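> Test case, fold it:
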Amino acid sequence: MLIRHVNGPVRYGVLGAGQMSRIALADLTQQSDARVVGLSDPSRERANEVGTQFGLSKIHHDASELLDPESLDAVYIATPNATHVPLARLAIERGLHVLVEKPFGISHAEVEELAQLARKKNRVLSVALGQRLRPESQRVHRLVRSGALGDVYHVKAFWLRRRGIPKLGTWFGNKNLAGGGALFDIGVHLLDLALHLLGDFEPTQVTGSIATQFGHHGRGEGGWGHSDRSELDFDVEDFASAFLRFRGGCSLTLDVSWALPQAEDDRHDV
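Below you'll find the model as predicted:
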């Protein structure tokens, strides 16, 4: 769990009533050391639907109304990417612990400022990058640390979908709201896992390229996303590739695609 409460279950508030929140609520409501107090979402219809589904007593349409330290200990944030840091900042300033969905934010400056605030306020600030917690990931991590794999000199990370662009016309494909496309959405998972396995988060050289081939033509949509279509322009990448080099000589390649002509529906690994 995010935190442990000595006086009983951790009291959570959930910000956002999209697909990730529904997945998180299905898990949180089954945990003996957690209790979901309420939910907020600007969409009254979505908020009421999800609140009713999970039997939540407090439903709000303004996140600031839910963030009450008298009734909450922590919040889980699963809202459009551009709102992650502002909402997390508000929660921490009110004395709450935070678990925020990836990506952490849309700029290095804003996430560094938020991390400093969390340290100053002595609040837990965690990002939902769960690939490193998978049992197989933990096993490989132990093998690397033990030296069983010898000298690791190259890592190949990839997540390639045949048709996997989140619902078109929504915030997912809009740069102002999402910050980026495939790299911010699924690429961060594999990049985080690869760096975690290496035990090195400070590359000395990074180069890369991005491309938009399908989304702006209305092609490549998958089945992800509960957001309402707003006919927003698709102006993010649906493919990204990067090459990283580390001080010790190890290199890493990362390839990510929301839509790609390939036989398999989905391939991802490190």
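> Can you mark which positions in stretch 252-268 are buried?
252, 254-260 (16 or more other Cβ atoms under 10 Å). In short, each C-beta sits where N, CA and C put it, glycine included.
> and if you look at stretch 14-30?
In stretch 14-30, counting by 16+ other Cβ under 10 Å, buried: 14-22, 24-25, 28.
> So for it, mean pLDDT?
Regarding stretch 14-30, the rounded mean pLDDT is 95.
> Off-centre distance for it?
13 Å (Cα atoms, centre = their mean, to the nearest Å).
> What lies in contact with the single longest helix found in the chain?
Counting residues, the longest helix found in the chain (DSSP state H) is helix 108-121. The contact list for helix 108-121 (Cβ atoms under 8 Å, 6 or more residues apart in numbering) reads 85, 88-89, 92-93, 95, 98, 104-105, 124-125.
> Ok, stretch 52-71 next?
Stretch 52-71 is contacted from outside by 11, 13, 15, 22, 25-26, 29, 36-44, 47-48, 50-51, 72, 75, 79, 87, 90-91, 94-96, using Cβ under 8 Å, 6+ apart.
> buried subset of the residues you listed?
Judged by 16+ other Cβ under 10 Å, buried ones among these: 11, 13, 15, 22, 25, 36-41, 43, 47-48, 50-51, 72, 75, 79, 87, 90-91, 94, 96.
> hang on, the earlier thing: just name the closest of the buried residues of stretch 252-268 to His226, please.
Trp258 (17.4 Å; Cβ to Cβ).
> Contact partners for that closest one?
By Cβ under 8 Å, 6+ apart, the contact list for Trp258 reads 161, 164-166, 181-182, 185-186, 214-215, 220, 222, 238-239.
> all helices of the stretch 101-250 of the chain, in order?
Listed in chain order, the helices of the stretch 101-250 of the chain (DSSP state H, counting those that start in this stretch) span 108-121, 135-146, 175-178, 182, 188-198.
> export these to a markdown table and tack on mean pLDDT?
Output for the helices of the stretch 101-250 of the chain, formatted as a markdown table (pLDDT from 0 to 100):
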| stretch | mean pLDDT |
| --- | --- |
| helix 108-121 | 97 |
| helix 135-146 | 96 |
| helix 175-178 | 96 |
| helix 182 | 98 |
| helix 188-198 | 97 |
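> Now tabulate the ones you listed in a markdown table and tack on mean neighbour count and distance to Asp266.
Formatted as a markdown table, the helices of the stretch 101-250 of the chain follow (neighbours: other Cβ atoms under 10 Å; distance: least, Cβ to Cβ, whole Å):
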| stretch | mean neighbour count | distance to Asp266 |
| --- | --- | --- |
| helix 108-121 | 14 | 28 |
| helix 135-146 | 12 | 17 |
| helix 175-178 | 18 | 20 |
| helix 182 | 28 | 13 |
| helix 188-198 | 21 | 12 |
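> mind giving me TSV with those and columns for distance to Glu65?
Shown next, in TSV, are the helices of the stretch 101-250 of the chain (distance: least, Cβ to Cβ, whole Å):
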stretch	distance to Glu65
helix 108-121	21
helix 135-146	38
helix 175-178	22
helix 182	34
helix 188-198	30
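> so which of the ones you listed comes closest to Val155?
Closest among the helices of the stretch 101-250 of the chain, using Cβ to Cβ: helix 188-198, at 5.0 Å.
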